[in-house]
Every structure is written in structure tokens, then in C-alpha cells.
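> Can you look at this prediction? I've put the sequence above it.
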Amino acid sequence: MVRPLRNLRKSEILMKEAEADFKLKNFNKCASACYFSVRKALEDMFIRMGIMIPRRDDKLANILKNIGYEDKAKLFLRLYELRKKADYNEKEITEEEAKESLETAKRILALINMITKSF
């Protein structure tokens, strides 16, 4: 387990880049940036909560599930699957998948923002 530095600013930058990449039809880059935007925001939130950050993505999703957000944990794992397709698969991310990534990331980030307002 690692304790990265606060990542909220990086999360915001990555989300803006994802939106720009979508407009430019860079769908692989969009999906990847959406995933990392959410991951960085989750890491920041968990650090603020005093929770150690696991290296594995499924473990990060498990933390989200264990604090009562199973639906968002599933969405995060979907972002991870799309990111793997974007970065490693020979198939390209489709426009629909990129749009799904954007919408999913925004939903999870909205939850994170709501939770962290209480810190």
C-alpha cells in the first residue's frame, strides 16, 4: 500500500483533458484520462479519510464498496475495464464508450465532491 500526495488538482486537469480529447475524437485518450481522473480523486478522498491506498484497482473499488457505495464501485471497475481496452487492447474505444467513460467519471466525481465537502 502506498500513500500518494494529494491528487485532487491532477484529477481536475485530467477530467478537462478527457473532455477535450472527446471533442477531438481521441476516444482512447478520453477513456484513459477519465479513469485516472477518478482514481486520483478517490486516492485523495481516501487519504483524507485516513485510509491507506492499495496499488490494485479492484482493492480501491473494494474500499468504495465497503464505505457504502457499491454502485459507484462497480462504475469505477467499468472505467478500469475501458481504460485497459484503451491502453492495451488492439480494439479502439468507440465514441459511445468514450461518452460512457465521461458520464461515469462525472457521476463518481460528483459523489467524491459531495463526500469531501464534509472534511
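In hand now; what should we look at? These figures come from a predicted structure and were not determined experimentally.
> which residues in this structure form helices?
Along the chain, counting by DSSP state H, helices occupy 8-23, 27-48, 57-66, 70-88, 95-116.
> Of those, flag the one that's most buried.
Of all those, helix 27-48 carries the top mean neighbour count, a mean of 24, counting by mean count of other CB atoms under 10 Å. Every residue, glycine included, has its C-beta placed from N, CA and C.
> That one to helix 57-66, inter-axis angle?
60 degrees (axes from the mean of the first three to the mean of the last three CA atoms, to 10 degrees).
> Residue numbering should commence at 30 henceforth.
In the new count, where the first residue is 30, that last one comes out as helix 56-77.
> For helix 56-77, the averaged confidence score.
Here helix 56-77 scores 96 as its mean pLDDT.
> any idea which residue sits dead centre in this protein?
For the chain, the residue nearest the mean C-alpha position is Val67 (2.3 Å; CA atoms, centre = their mean).
> give the contact list for it.
Going by CB atoms under 8 Å, 6 or more residues apart in numbering, Val67 touches Ser40, Phe105, Leu108, Ala134, Ile137, Leu138, Ile141.
> Let me see the contact set for Phe148.
So Phe148 contacts Arg77, Met78 (CB under 8 Å, 6+ apart).
> wait, I meant Lys39
Counting by CB under 8 Å, 6+ apart, Lys39 has contacts Lys69.
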